[in-house]
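Novice: sequence and computational prediction follow.
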Amino acid sequence: MVAGIAPILIALVSFFLRIFHLGDIKTFIFDEVYYVDGARDLLKFGVEVTGNNPEFVVHPPIGKWLIALGIQLFGDSAFGWRFTTAVAGSLMILLIALIAHREDLYDSQNRSGEADLIVAKHRNGPTRTITVASQLHIARFTDMATTFAPVEKFVKDN
């Protein structure tokens, strides 16, 4: 339960810390010079332009679209430029927590030190899953069927 609530609380605290005084600095910070200009162009023309000609785009568009959304919501101000990226930064905490959370660490069937390899050989050949044990002290994985199972059981299964 705590493992599920903690990332949400951390993300909320992170969001409020990011929002606090977000629009106080009225000038551009670092790459906002390029991103805010690109966001304005995207809102007005749908593409980035210099004068009447399309620009050669070197910065990723997702940041510009986020800033454009902030401008649409809060106006063309320092707070509007930074709001959606503050939200995205706080949501990244939840995304990282979802990626890092491993169910096998919390369920009753403990599989620590194990990994499953899915083997598919040839196009139409058989596939199977092999459970391996980590031997991290020597930086390798070992097939658990040959290492931990009795030899007669392994021979019968294959």
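Specialist: Right, received. Where do you want to start?

Novice: got a list of what Gly113 touches?
Specialist: With contact taken as CB atoms under 8 Å, 6 or more residues apart in numbering, Gly113 is in contact with Ala133, Ser134. From N, CA and C alone the C-beta is placed, and that goes for glycine too.

Novice: now do the buried residues in the longest strand seen in the chain.
Specialist: Using DSSP state E to assign secondary structure, the strand with the most residues in the chain is strand 127-135. Neighbour counts over strand 127-135 (16 or more other CB atoms under 10 Å) mark Val132, Ala133 as buried.

Novice: which neighbouring elements make contact with it?
Specialist: Using 3 or more CB pairs under 8 Å, 6 or more residues apart in numbering; DSSP states H and E as the contact definition, the elements that strand 127-135 packs against are strand 114-120, strand 140-143, helix 144-147.

Novice: if you count neighbours, what's buried in the lengthiest helix in the chain?
Specialist: For the chain, the helix with the greatest residue count under DSSP state H is helix 78-100. For helix 78-100, the neighbour count (16+ other CB under 10 Å) marks 78-87, 90, 93, 97 as buried.

Novice: same thing with stretch 8-27?
Specialist: Ala11, Ser14, Phe15, Arg18, Leu22.

Novice: host element of the third one?
Specialist: With the criterion set as DSSP states H and E, the secondary-structure element containing Phe15 is helix 2-19.

Novice: next SSE after that helix?
Specialist: Toward the C-terminus from helix 2-19 - assigned by DSSP H and E - lies helix 32-45.

Novice: what sits up against the following helix or strand past that following helix?
Specialist: Counting by DSSP H and E, the element after helix 32-45 in chain order, helix or strand, is strand 49-50. Under the criterion CB under 8 Å, 6+ apart, residues Asp41, Glu55 lie in contact with strand 49-50.
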